[in-house]
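A.B. asks: Any chance you could fold what I've pasted below:
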Amino acid sequence: MVGSFVTHGNENSTLMEPDENSKHLTANVKVGEDIVQAVWEKARIIPEVSPDRWRKDQNGAWIGRDKFNDSSLPLSFGWKLSYILPPEDGGPDEPENLKPLQWENAEATRRNAQRNVVTSDGYHNTYFANLKRFPSE
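C.D. replies: Below is the predicted model:
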């Protein structure tokens with residue numbers, strides 16, 4: 001179960017809960033906005049866009065700050081919190097062990113996929129399989 005970074009009763013909280021694999025968080029346990037912001041700040045800043053609104057995850061996929069926990073559309077800018085090292089594999093259940101991932105990459109991590117699925121080509125997200133070349137970033 002999610003530990004010390006869970007908040008309860010805070011109107012600035014977001015509903016989250018660890019799924020059955022604990023690699024990716026979904027709904028029902030409240031994670032405070034301060035944690036969401038701290039994890040957002042781990043995402044890669046791209047100089048030509050506003051870092052308050054747009055960043056990239058570790059796979060180069062675009063994520064939008066206002067799209068946290070939005071998994072409504074494929075290749076969208078929605079993102080989720082994901083463990084760097086899952087607690088069941090010895091990772092701490094602390095905010096420092098969280099990273100931001102575009103939601104489909106978070107799902108791939110949760111499913112223990114061999115690789116993540118979404119990156120970007122220019123200002124659009126795309127599937128790795130659709131790339132003609134490997135991203136240079």
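
A.B. asks: When you work out contacts or count neighbours from here on, use the C-alpha atoms and nothing else.
C.D. replies: Will do.

A.B. asks: host element of Thr109?
C.D. replies: helix 103-110 (DSSP states H and E).

A.B. asks: Show me the shaky parts of this structure.
C.D. replies: Within the chain, the set of residues satisfying pLDDT under 70 comprises 1-30, 114, 131-137.

A.B. asks: and if we set it to 50?
C.D. replies: 1-24, 26-29, 134, 137 (pLDDT under 50).

A.B. asks: Please, where are all the helices along it?
C.D. replies: Listed in chain order, the helices of the chain (DSSP state H) span 33-40, 103-110.

A.B. asks: same for the first one, what does it pack against?
C.D. replies: Which is helix 33-40. On a contact count with 3 or more C-alpha pairs under 8 Å, 6 or more residues apart in numbering; DSSP states H and E, helix 33-40 meets strand 98-102.

A.B. asks: before we move on, back to that, deepest of the helices of the chain, which one?
C.D. replies: Of all the helices of the chain, helix 103-110 has the most neighbours on average by mean count of other C-alpha atoms under 10 Å, namely a mean of 22.

A.B. asks: so that one versus strand 98-102, what angle?
C.D. replies: Calculated by axes from the mean of the first three to the mean of the last three C-alpha atoms, to 10 degrees, helix 103-110 forms an angle of 120 degrees with strand 98-102.

A.B. asks: would you list every one of the strands in this protein?
C.D. replies: According to DSSP state E, the chain carries its strands in the segments 13-18, 25-32, 54-56, 62-64, 79-83, 98-102, 118-121, 124-127.
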